[in-house]
Structures are given as structure tokens and as C-alpha cells.
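Peer 1: The sequence and its predicted three-dimensional model are supplied below.
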Amino acid sequence: MKRMGVVLILILALCGLADSAYIAQHEMSGTPLICDIENLSGCNVVVASPYSYVFGIPLAQYGILFYSIVFVLAALELVIFDQLLRRVLQGISLMGVLASIYFTFVQVFFIDAYCIYCLASALIALLILILAGVIEPPQTKVPASPPTG
């Protein structure tokens, strides 16, 4: 399960990367996003809002950075399986989830529009955090100590 959890994180990171890259590509080209789902068709409203930029950089660019870092950390985790590396992955994942919660709140209460791609990214970040929390290194057997007496 431990190795499978890391592989699932890698797959989710690629999905998140594709999601963020799709939004970023449409932002750069100026073409509208395709999001024709009832009640979740506000992608273009959300992406065009001033809330979709932090320090002048589109949130999708931060998403690309976030999922790239998660992918690299998870790939290293497959090879090294180090407790510190795992903690960094958990910390980065937690930051991603907290940011997702904040920006989902902004969608609901300030923009009053819902972006399916943004919500998918939030779900992916949450799943990565859950998986990062259950990954544990292989247990090493401690040799039995000889009886004293």
C-alpha cells in the first residue's frame, strides 16, 4: 500500500498538472474555457476575476508549480522513502489544500461562480494530502535482544 500510495500521488499530480496547464493555456491564449456543466459553468467568470491573480501571476501558474513540486517529491519518495521527504510532501500538500479551501470560499462568496476545473484541482489536492498522510516507510525489524539474566 505504501508504494501504491506514492504511485497514486504521482498520477494525481499529473492530473492536477494537466488541469492547471489547461487553465493556464487558455488564459495565455485568451480563448474561453470549455465548461458546459449545469451550475458549474462559471469557469471563465472565475478565471477572469481579479481574485484569480496573486502578485499579478495567474493562479493556474501556481497550480503548475504546486503539482510539479508534488510530482518531484513523490518520485523521490519512490526511490528514497525518507521520513523528512515524506513530511515535506505532507506539508506542501497541506498548503495546497488550505489554498484550495480559501479560493473555493472566494468562488462561493465573492465571485458567485463555480469553476469545475478549480474544484477538480481542490479535490485532487485533498486526495494527495490524504494519501501523503497515510504513506509510511517500510517497517524495519528490530532484532530481538538476548535475554538478560
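Peer 2: That came in fine, so what should we check first? Numbering: from 1, shown residues only.

Peer 1: helix, strand or coil for P32?
Peer 2: Judged by DSSP: H, G, I helix; E, B strand; the rest coil, the three-state class of P32 is coil.

Peer 1: Wait, it touches I23, no?
Peer 2: No - assessed by CB atoms under 8 Å, P32 is found out of contact with I23, at 11.4 Å. All C-beta spots, glycine's among them, are computed from the backbone N, C-alpha and C.

Peer 1: how about the helices in this protein?
Peer 2: Assigned by DSSP state H, the helices in the chain fall at 2-29, 43-48, 59-80, 83-106, 116-134.

Peer 1: Mind listing what's buried along the second one?
Peer 2: Under the neighbour-count criterion of 16 or more other CB atoms under 10 Å, helix 43-48 has C43, N44, V45, V46, V47 buried.

Peer 1: what residue ranges in this structure score low on pLDDT?
Peer 2: By pLDDT under 70, the low-scoring segments of the chain are 1, 36, 38-40, 136-149.

Peer 1: ok, so what distance separates the residue minimising distance to the centre of the chain from Q83?
Peer 2: Per CA atoms, centre = their mean, the C-alpha nearest to the average position across the chain is that of A125, at 3.1 Å. A125 sits at a distance of 22 Å from Q83 (criterion: CB to CB, to the nearest Å).

Peer 1: Kindly report the same for V46.
Peer 2: V46 sits at a distance of 38 Å from Q83 (criterion: CB to CB).

Peer 1: got it, and G63?
Peer 2: When distance is defined by CB to CB, G63 is 27 Å away from Q83.

Peer 1: So which of those two has more stuff around it?
Peer 2: Comparing G63 with Q83 by neighbour count (other CB atoms under 10 Å), the higher total belongs to G63, at 25 against 9.

Peer 1: Pull up the gap between the spatially closest residue to the more buried one that is not a sequence neighbour and R87, please.
Peer 2: The spatial neighbour of G63 that comes closest, neighbours along the chain excluded (CB to CB, 6 or more residues apart in numbering), is S20 at 3.1 Å. According to CB to CB, S20 and R87 sit 24 Å apart.
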